[in-house]
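> I'll drop the sequence and a predicted model, then ask my questions.
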Amino acid sequence: MRVSHWFLWGLLTTAGIGNDAMAAPDAKADADAKPNAIWFEDVMFSVPPTDEQLSAVTVYVRNQILKTKNNKNNAWPLAVRIDTQPRLVFISVSDAVKPARVVIGRGKGLIAATNDALKRLQLNSETNKTFEPRWIKVDLVANVFDQSDTDLSKNMLYPRSLFGIAFSRQRGAAVLAEEIVANELADHFQVFSLERFSKYVQQREPKQAVNLNGLDLKKADLLRFSTRSMFADRHETAKLYRGHRMYDKLTKDLLMDAAKQAKEYLLRSITPNGQFAFIYHADLDEHEARYSIGHHYSYTYALLDTYEQIKDERLIDAAQRALAYGKRAIGTWTKRGRRVHCVIDDKRNVYLRFNAFATMSYAKLIQHLKDKATDDDRQMLDRFALSITTAQQGNGYITLHQTYPDGRVHDEITSVVFLPGEALTALDEVNKADPKKQWQDAIKKTADYVIHVRDKDRDVTRMIQDPWTLIGMERMYRQSKQRAYLDHALKIAKALRSRNNVKVRYEDWFGGYFKPPGTLPTAVRNVSLAAAYELARDTKHTTEAKANLEAVIRGNAFLLQTQFRPESAMYFKNPQRVLGAAREGLTVPTIRTDYVQYSLKSFLSLHRIMEADGVEAYTVKRPKPEKR
């Protein structure tokens, strides 16, 4: 007969499973919820809770708070009922509008600690009658590390996004890792802020007694701890790591839902006059004043590109407002005898990529509007397209950087890496909107320069990481069927995916690019590798197609982790503001519109592949994380 290890443990550590372990939850909570009865020092030697216990506690908490089911005591599984070890249980509850209310339950055994936490929430009190809980997160303290006499004026050990902070029993102060990141109680350099920490724990609802008087930052009585975490609402429960879900299966519905959430964030980010919120610091609930006109046009193109797969007329309206706003940054000068437009930044710089995104935006708008496009739209497109072709030299190189209005060139072919991908894509979009030989010739000259000059004699290990040029090469091959473009596209793809994180230190780094992995580099590579997959598939390069697709699947699994969803938004000052957005990475909550737009495009790229291939879901094949 197979016997549960928890049952055996109970026989060894208790005198038996008597009435006390099976007592009514409220009675047990009353017995153990004395001030300072149990704290992190006591939990240090407890056996970490299991996934079975975490799931049982989460379901119970959800049922109690949301009144979804009458959860009686006998519904607890044996693994929870026999537990009498010192336990700490965090329960976080949010109404989806304000930051989560966080309490710490204490008790001997998970039942006692859980009911103590529920009691501390005070959801039935007179002052909380208008509070409507929607999102719940349960954290069971797993491992505790005593770091007494820590010098908190120096960088802390243990990542702030994985380990909570607690002080000694007498101080009664503790916060989850998610609270640290959402309120920058320690910054991304691991530097602790006593001022922010003290202010946060004293203002956190519901009020809890804490005493930080006389805390010596040079010799702090610090404890760090990890938790096992699970999110719950009325519809589902989900296990969490670093405050976010891990995705082992990507479905079409999941990707489209993620794309639509990102789209809604972009639409919320544009003002009636066409300006958009470029940078938003979620931990401060503040928009940065700095503005980028280049990103403005990149954002505009993203709205119009999204319309290809999601027919939401608000996207067209927002893009037209953005184009109207962008005109204030447009200058006109004469190049090679032609009057052309250029995008000018606040320091009088003119960059190729700024002009390229403006060109893409007008081209894509005309493609969508067709006969409804205005003469002004068409003239703007023509003059921006000419800004690219008139900057092109005889060998195909295009000037990257000039100043306005003198036209002085600030790049040298011998010293500046030429990244022409945006220009290639822009001219291709122009040719779709207004087919002309001059656009086609410019595209060919640019692509040939990359192959025969920039990348000449480069093997895969020395290839420039250039996702946009891969997209341009894929488009070139489909138009010309010239083998050189196909081979170069596949070569760039191989170079890109070689940097994909497969062997990882932390399990949620899997699928991203760079260490630590970032949202933007991952999203841009996903988009280009999706195009490379489709090219390899259509040209019967089976091995290349498989490798590209697997990298795209891994990359999208990573990106879903950086998108704000209820479980990762609930500790921030303005949860509704961040929902659907993509943050800079797993540990930095800064949002930029390009993080969001490229994540959106990445989700739609894989969704497009699944539609074409008749696939409903992909399994994410994860290796075991490396030992730390």
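Received the coordinates, thanks. Numbers count the residues shown, from 1 in each chain.
> how many residues are close by residue 508?
Neighbour count of residue 508, defined by other Cβ atoms under 10 Å: 25. No exception for glycine: its C-beta is placed from N, CA and C like everyone else's.
> so it, which of the three states?
Here residue 508 is recorded as helix under DSSP: H, G, I helix; E, B strand; the rest coil.
> just checking, it touches residue 560?
No - assessed by Cβ atoms under 8 Å, residue 508 is found out of contact with residue 560, at 10.4 Å.
> residue contacts, the residue nearest to the spatial centre of the chain?
What sits nearest the mean C-alpha location of the chain, by Cα atoms, centre = their mean, is residue 562, with 1.8 Å. By Cβ atoms under 8 Å, 6 or more residues apart in numbering, the residues touching residue 562 are 244, 519, 582-586, 595, 599.
> buried residues in stretch 232-249?
Buried residues in stretch 232-249, counted by 16 or more other Cβ atoms under 10 Å: 232-233, 238, 240, 242-247.
> and it, end to end?
From its first residue to its last, stretch 232-249 covers 19 Å (Cα to Cα, to the nearest Å).
> and what of stretch 234-253?
Terminal-residue distance, stretch 234-253 (Cα to Cα): 19 Å.
> returning to that earlier point: narrow the contacts of residue 562 to those in helices?
Judged by DSSP state H, the contacts of residue 562 include 519, 595, 599 as members of helices.
> out of those residues, who has the most neighbours?
For the ones in helices among the contacts of residue 562, neighbours tallied by other Cβ under 10 Å; top is residue 599, 31 neighbours.
> residues in contact with that residue?
258, 262, 519, 523, 559, 562-563, 582.
> of the residues you listed, which belong to helices?
258, 262, 519, 523, 559, 562.
> contacting residues for the third one?
Going back to what we said before, that points to residue 519. Contact analysis of residue 519 by Cβ under 8 Å, 6+ apart lists 559, 562, 582-585, 595, 598-599.
> and for the fourth one?
Residue 523 is in contact with 555, 559, 582, 595, 598-599, 601-602, counting by Cβ under 8 Å, 6+ apart.
> what distance do you get for the closest residue to it other than its chain neighbours to residue 487?
The shortest distance from residue 523 to any non-neighbouring residue, by Cβ to Cβ, 6 or more residues apart in numbering, is to residue 598 (3.6 Å). Separation of residue 598 from residue 487 (Cβ to Cβ, to the nearest Å): 26 Å.
> one more: residue 201?
Look at residue 201 and residue 487: by Cβ to Cβ, they are 60 Å apart.
> more neighbours: which of the two?
Neighbour count, other Cβ under 10 Å: between residue 201 and residue 487, residue 201 has more, with 23 against 13.
> so residue 123, which state does it fall into?
Taking three-state DSSP, the label given to residue 123 is coil.
> just checking, it touches residue 91?
No - between residue 123 and residue 91 there is no contact under Cβ under 8 Å: 10.1 Å.
> narrow the buried residues of stretch 232-249 to those in strands?
If you go by DSSP state E, those have 232, 238, 240, 244-245 in strands.
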